[in-house]
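Peer 1: fold the following for me, if possible:
(chains A, B and C)
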Amino acid sequence: MPPPDFLLRYFRKVLAGACAMICTRLTLTRWLFGLLAAYVAAAALLIAMPHARAQSLDAALAHFTEDSFDDTDQGIQAVVASGSPRASAIIQALSDGRLAYDGDKKKIYIKTDAQVLDAETGQPVTPAPDNLDTVRLNNRLRQAVAAALGGLTLMSPDRAARLSAAQAVFKSRDEKVLPVVEAALAKEADAGIKTILAQTRAAILLGSDEATEPQKVEAVAAIAARGDQDALRILNDISADAPPAVTKAAQSAIKSIQNQLALWSAVQNAWYGLSLGSVLLLAAIGLAITFGVMGVINMAHGEMVMIGAYVTFAVQEMIRAYNPGLFDYSLAIALPLAFLVSALVGILIERTVIRFLYGRPLETLLATWGISLILQQAVRSLFGPTNREVGNPSWMSGAFELGGITITYNRLWIVVFTIAVFVALLGMLRFTRLGLEVRAVTQNRAMAASMGIRTARIDALTFGLGSGIAGIAGVALSQIDNVSPNLGQGYIIDSFMVVVFGGVGNLWGTLVGALTLGIANKFLEPYAGAVLAKIAILVFIILFIQKKPRGMFALKGRAVEA
Amino acid sequence: MITAAFVRSLDRGGMIFLIVLAAFAFAVPFFNLAFPPGSPLHLPTYLVALFGKYVCYALLALSIDLVWGYCGILSLGHGAFFALGGYAMGMYLMRQIGARGVYANPVLPDFMVFLNWKELPFFWYGFQSFPYALLMIVLVPGVLAFVFGWFAFRSRVTGVYLSIITQAMTYALLLAFFRNDFGFGGNNGLTDFKDILGFNVQAQGTRAALFVLSCVALAAGFLLCRAIVSSKFGKVLVAIRDAESRTRFLGYRVENYKLFVWTFSACMAGVAGALYVPQVGIINPSEFAPANSIEAVIWVAVGGRGTLTGAVLGAFLVNYAKTFFTSGMLAPYWLFVLGALFVGTTLLLPRGIVGTLSHWRIARTERKTAAAAEDSVAWAVPRAAE
Amino acid sequence: MFSFIRTAASGPLARRLMGATAGLALSLSAISGASAQDTIKVGILHSLSGTMAISETTLKDVMLMLIDEQNKKGGLLGKKLEAVVVDPASNWPLFAEKARELISKDKVSVVFGCWTSVSRKSVLPVFKELDSILFYPVQYEGEESERNVFYTGAAPNQQAIPAVDYLMSKDGGSVKRWVLAGTDYVYPRTTNKILEAYLKAKGVKEEDIMINYTPFGHSDWQTIVSDIKKFGSAGKKTAVVSTINGDANVPFYKELANQGLKATDIPVVAFSVGEEELAGLDTKPLVGHLAAWNYFESIKNPANAAFIKSWKEFTKNPKRTTNDPMEAHYIGFNMWVKAVEKAKSVEPDKVIAALPGIETPNLTGGTSKMLANHHITKPVFVGEIRGDGQFDVVWKSKGLVSGDAWSDFLPGSKDLEADWVTLKCGNYNKVAKKCGGQAS
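Peer 2: Presented below is the predicted three-dimensional model:
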């Protein structure tokens, strides 16, 4: 009769533990229990032997050829247990999806860019075997891999490697790595890593059955010092039947962390609002020129944004094809191009359609609506109707923690970028000759013309400027949204709301309008949900316009009644 | 006396319009019902439904023309009134399904059953009664328009600002009706109607009757609009359109004029929506989409605003173009055609089709008689559309 | 109140215009004349413009390819197949109009089409009235079985429930806490209702389930992703079940990746994210997030390889991906062909009668069968997102799962059964033993 599965697994664990004796400090009870169990199920041991003999790297690697997640799991444990110097390279390859196997020969290889290495020896294999399958992972194994890798690289001389290893073992909270963590803790000189390691130790102790009560109370304090959601997760995880002193300490720690986090969540909402506001501003600022300054109800504004996003896509596609090394600069390359392409399309539209419609704003609405349909369908015909991939360059990926909130780099850069665009535009209108002429023409066309300004040229350039800014907004928005022919449609209504709310013809109004709407939306969302928050904002705008029929910052004077 | 007033308000164009409409209202069901399928003279039932849809759109276009063409209020949210009227009718039709829904719940519509709603929300009460539904069809859009207009016109929100907040209104309603918690079936809306006043909505006869009814509504709407715009009241509206401040300084209560015509127009749009729903068989929040309202405005622009007949013609033409170009080999390119149509109309025919033709005719008459025709003022495109 | 004054206006002109209107009406009825019957017409009702074009255009192309291939094989019943393409433009009433046009004017024998639930609901009465056939290829909320419609996409029990089972298993991470996030429309609503009932039946507590709905095309996910993070910090293993619809997915996944929410921490299993949606994303930060479907492009199989090859040739684009609804059309089309051959006619009534029981190979190595409830049997796969935008199958059902029209986990439908072969009823009440909904 075969022994029950859990017994087998237990033996493997015990034996693997025994193999790793040099660095392992099993407690006495565990040893005793292990020995006792070994006697009780001697027969089971015999059956389990082929697996259990996994001390050698060779046998450990054999697990990876089975294409079964359970076997791969055993393989990971066995490779770690083998203590082989190759272990970290193998686990790293597994984690990167470069570990491959030959199902027929039962051999394991590591693929690199140029060649195929024998996993066991690290020697290149020539000729490279061809029918290799990658060893597959699932989420459970990925966690195991991260933990194993963390354990293996905790002593690495590279600080960055140690840091990420420390973070990985903190996440895994695997009891098996406790000895390694403690050893590393004793050696670590870097204060930051040391803190994480200490927290890891505390987290493991909290989950362990063997830690003493004072140890656990101390651990609670160490974890509570983190004060973040990970800490909350660990503290919440403490079982209810832990000693009362521990649960009490945990409860009070949870409470204080929650209070802290509540404070931070207000800061977080403000940040989210700022970030949403800057997206709105970016989308609306071009419209503030074409609609606000020129009085053209430009329904094709969203499509200018879309064109900018597609330019980004095209640039990235070229870079991927010809010079992948430039990828991090793709946005910088795309920015001027997007501005130029959108501006040219804008000037084309102005020269062929809009210049015949000045003074009839509502008719520009109809014509530009038609143009937006044409542009959408043109992009759909050229690039296909499906989403196109626009990647984040590395400096726009990921996030960092600031106190209790997570700030993502792409949002941060968009905020910065928006401010830059706004300042540049403001400066351009105020300090350049073109800006002066634009202001002159919009304030009094006849007078400007009689002063020798070529109003037609200024009209075209202004419209081109507005469209070009919409184009560079598209570059930024491609980083957070779909790049599809429908991209522009999603922003057009919001953009009009922002411009009208802020006050037509006033860039500052657009700025304040966008930020107000963004922040109000984000503070409402946690209570009302995304949909109701948006409805509430719309109703608010409708009511606000009743109070101030020309927006927050209305233009004054005779121009108003024109 | 009232009849006499209506008759007097009609010009020859209006008369001809009504005659053509009457002929249309008669011919379509006649050729559909009197000849069996297969006969060369038979008009397929799908065309009856299609024409019925066009007629409803024409009524919507008429209501937009009344406020835009004669009073200068460009609404980018008339789709909302249309959809509200449609929902009121849809709710009546839903209640008529009764126990014939897939879950056979005698009271709750299917979508409420599978979302585990236990009882009918209060705003669904009464919709099993047709007169109540009829009242709501006019009342709901009317009240919304009245409240909205009362605020907006008093605050003197005009021009682009007004257009944008009407868009905000319909957009907010779109989002609200999308929510399943709102109790109107969410994105799926109301559908799978069985019968109206005891007649099967899909029966050929019912379709023909609905079609005729839509034509009657269009004719009535036309007569009412005609009566309004040809009255002294209408002259004031045109004055408001062309120079609002001046009209106000002359002592007219501009906001009351606007409010009346705005609310009236919304009720008309509601009726159009109510007739539309049983003929197309579904009402869902996408009718609130701002794009739909903008499209309706474009029908009016194509046909010629401020002409009434032009609005009807525009609705027919654009929708026929849409039907035509969305089938067959042109299907992937029809947006080019539609877009080009809008751009072309605004550039080449700024007065719309009817407006351009009559302007051209008047100009010719003027040349002939060499007399200063006061009429031309009526046909001139508003100087500043704001 | 105010007097009506007669105004002068144009006369003859309006008459001419009205004449034009009448002429238009006549020309419309003229084009509706009967068409020649030397081909078998197949209607394709997928949006080529508007918001849904992003998903549906592909399905139009795959239908054109399948029809093309069938014609190369000699057509059907000795006749060539002819595709009739219309564009309902993501406009639901237009779907009904176009369906009517396809059936009445173009006299198509069958229609392959629709994506959203609302478009299907919109055309349903038309197919019932004019007695034609619709093949609907998208995973949907169930709670429906109509005589004229054949559902080749997954019902909730062929997608949602197996995926949740997987996450509860050891391999899936023994998930104890659930976020059900979806777009606010009927498919997520129903699926989440079913899942909620299912999870509660499995002993998950009320406070361990968080349900969140967002509007269509939602693009600012900052708040929701951080809420998910917060919810996940309660100690128990947490997973997100996403029924977020098409367009909103890209910004959602971008936010997930940027906020550093890894699959190993909080896995997201999606029911509406396939190869096509991932094509717009850099998937490297998303490795390990999951999707449940009945087909993946990455599944190794000769039939699938051939299908992918001909698809790439047909579209002349080596980068075009295949996805689950495309396979559903592949199965549906082959089933229809077999049924027509069996019935020796394209007469809808005969084909409807012939379809149940028809078996055709699917692209994943099995044989799918049309059931009496007009749903089909399908295998269920759970795949993990790979770095290259494809999926790695980590779990598959043992054998095929039969599509269930009425969910057992909804109080309104647990007694209902659909059977168009023996009971001839789409909503037969097993308790009341009668056709037509509830016992009462």
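Peer 1: what ranges does chain A have for its strands?
Peer 2: A:99-102, A:107-111, A:116-118, A:133-134, A:399-402, A:405-408 (DSSP state E).
Peer 1: which residue comes closest to B:Ser293 once chain neighbours are left out?
Peer 2: Distances taken as Cβ to Cβ, 6 or more residues apart in numbering or on different chains place B:Gly79 nearest to B:Ser293, at 3.7 Å, with adjacent residues excluded. C-beta coordinates here come from the backbone N, C-alpha and C atoms, glycine included.
Peer 1: am I right that the one you found sits in a helix?
Peer 2: Yes - counting by DSSP: H, G, I helix; E, B strand; the rest coil, B:Gly79 is found in a helix.
Peer 1: now do the host helix or strand of B:Phe148: which elements does it pack against?
Peer 2: Secondary-structure assignment from DSSP states H and E places B:Phe148 in helix B:130-154. Under the contact definition 3 or more Cβ pairs under 8 Å, 6 or more residues apart in numbering or on different chains; DSSP states H and E, helix B:130-154 sits against helix A:507-547, helix B:78-97, helix B:159-178, helix B:254-280.
Peer 1: what about that helix, average pLDDT?
Peer 2: Averaged across helix B:130-154, the pLDDT comes to 95.
Peer 1: before we move on, what about stretch A:475-485?
Peer 2: On average, stretch A:475-485 scores 90.
Peer 1: re earlier: so the residue nearest to B:Ser293 sits against B:Ile283, correct?
Peer 2: No - with contact defined as Cβ atoms under 8 Å, B:Gly79 and B:Ile283 do not form a contacting pair (11.8 Å).
Peer 1: who's more crowded, these two?
Peer 2: Each of B:Gly79 and B:Ile283 has its neighbours counted (other Cβ atoms under 10 Å in any protein chain shown); B:Ile283 has more, 34 against 31.
Peer 1: ok, that one - contacts?
Peer 2: B:Ala83, B:Gly86, B:Tyr87, B:Met89, B:Gly90, B:Gly189, B:Leu190, B:Thr191, B:Gly273, B:Tyr276, B:Val277 (Cβ atoms under 8 Å, 6 or more residues apart in numbering or on different chains).
Peer 1: ok, what's across the strand from it?
Peer 2: B:Leu190 (DSSP bridges).
Peer 1: name the SS class of the closest residue to C:Ile299 other than its chain neighbours, please.
Peer 2: Using Cβ to Cβ, 6+ apart and skipping the chain neighbours, the partner closest in space to C:Ile299 is C:Thr364 (5.1 Å). Three-state call for C:Thr364 (three-state DSSP): coil.
Peer 1: and C:Thr364, backbone torsions?
Peer 2: phi -110, psi 20 (degrees, to the nearest 10).
Peer 1: how many neighbours does the closest residue to A:Arg439 other than its chain neighbours have?
Peer 2: In space, and not counting its chain neighbours, A:Arg439 is closest to A:Leu429: 6.5 Å by Cβ to Cβ, 6+ apart. The burial count assigned to A:Leu429 is 18, neighbours taken as other Cβ under 10 Å.
Peer 1: now do the contacts for A:Leu429.
Peer 2: Taking Cβ under 8 Å, 6+ apart as the test, what A:Leu429 contacts is A:Gly435, A:Val438, A:Arg439, A:Leu507.
Peer 1: which one of these is nearest A:Thr290?
Peer 2: A:Val438 (11.7 Å; Cβ to Cβ).
Peer 1: what's the spacing between the nearest residue to that closest one once chain neighbours are set aside and A:Ala554?
Peer 2: Nearest residue to A:Val438, sequence neighbours excluded (Cβ to Cβ, 6+ apart): A:Thr462, at 5.1 Å. Distance, A:Thr462 to A:Ala554, by Cβ to Cβ, to the nearest Å: 21 Å.
Peer 1: more neighbours: those two, which one.
Peer 2: A:Thr462 (26 against 16).
Peer 1: show me what contacts the more buried one?
Peer 2: A:Thr462 makes contacts with A:Ile289, A:Thr290, A:Val293, A:Met294, A:Val438, A:Val441, A:Thr442, as judged by Cβ under 8 Å, 6+ apart.
Peer 1: and B:Thr346, by the same measure?
Peer 2: A:Val353, A:Leu357, A:Glu363, A:Leu366, A:Ala367, A:Gly370, B:Ala301.
Peer 1: again, 6 Å this time
Peer 2: Contact analysis of B:Thr346 by Cβ atoms under 6 Å, 6 or more residues apart in numbering or on different chains lists A:Glu363, A:Leu366, A:Ala367.
Peer 1: domain parsing for chain A?
Peer 2: Domain segmentation of chain A under automatic domain parsing yields A:5-137, A:140-242, A:265-561.
Peer 1: pick the most deeply packed of those domains.
Peer 2: domain A:265-561 (a mean of 21; mean count of other Cβ atoms under 10 Å in any protein chain shown).
Peer 1: by mean pLDDT, which helix or strand of chain A comes out lowest?
Peer 2: Scoring the helices and strands of chain A by mean pLDDT, DSSP states H and E places helix A:42-52 at the bottom, with a mean of 42.
Peer 1: residue ranges of the strands in the stretch 201-350 of chain C, please?
Peer 2: Taking DSSP state E, counting those that start in this stretch as the test, the strands found in the stretch 201-350 of chain C are C:209-214, C:238-243, C:268-270, C:290-293.
Peer 1: hmm, A:Leu197 is touching A:Leu185, no?
Peer 2: Yes - if you go by Cβ atoms under 6 Å, A:Leu197 and A:Leu185 touch, sitting 4.6 Å apart.
Peer 1: out of everything not next to it in sequence, what's closest to the residue nearest to the spatial centre of chain C?
Peer 2: Geometric centre of chain C, nearest residue: C:Val138, 1.4 Å, by Cα atoms, centre = their mean. Counting by Cβ to Cβ, 6+ apart, C:Val138 lies nearest to C:Gly153, which is 4.3 Å off, once chain neighbours are set aside.
Peer 1: before we move on, back to that, ok, which of the domains of chain A comes nearest B:Ala58?
Peer 2: Across those, B:Ala58 has its closest neighbour in domain A:265-561 (18.5 Å, Cβ to Cβ).
Peer 1: sketch out the low-pLDDT regions of the chain for me.
Peer 2: By default, I'm working from chain A. The model of chain A has pLDDT under 70 over residues A:1-55, A:555-562.
Peer 1: hmm, no, I was thinking of chain C.
Peer 2: C:1-37, C:437-440.
Peer 1: how about the helices of it, start to end?
Peer 2: For chain C, the helices defined by DSSP state H occupy C:12-30, C:53-72, C:92-100, C:117-130, C:160-168, C:186-201, C:222-231, C:246-258, C:275-278, C:302-315, C:324-343, C:348-354.
Peer 1: for residue 175, list the residues it contacts.
Peer 2: If you meant another chain, say so; for now it's chain A. A:Glu175 neighbours (Cβ under 6 Å, 6+ apart): A:Ile204, A:Ser208.
Peer 1: the intended chain is chain B.
Peer 2: A:Val531, A:Lys534, A:Ile535, C:Pro215.
Peer 1: next: B:Tyr46.
Peer 2: For B:Tyr46, the contact set (Cβ under 6 Å, 6+ apart) comprises C:Arg100, C:Ser104.
Peer 1: 7 Å - rerun?
Peer 2: Going by Cβ atoms under 7 Å, 6 or more residues apart in numbering or on different chains, B:Tyr46 touches C:Arg100, C:Glu101, C:Ser104, C:Lys105.
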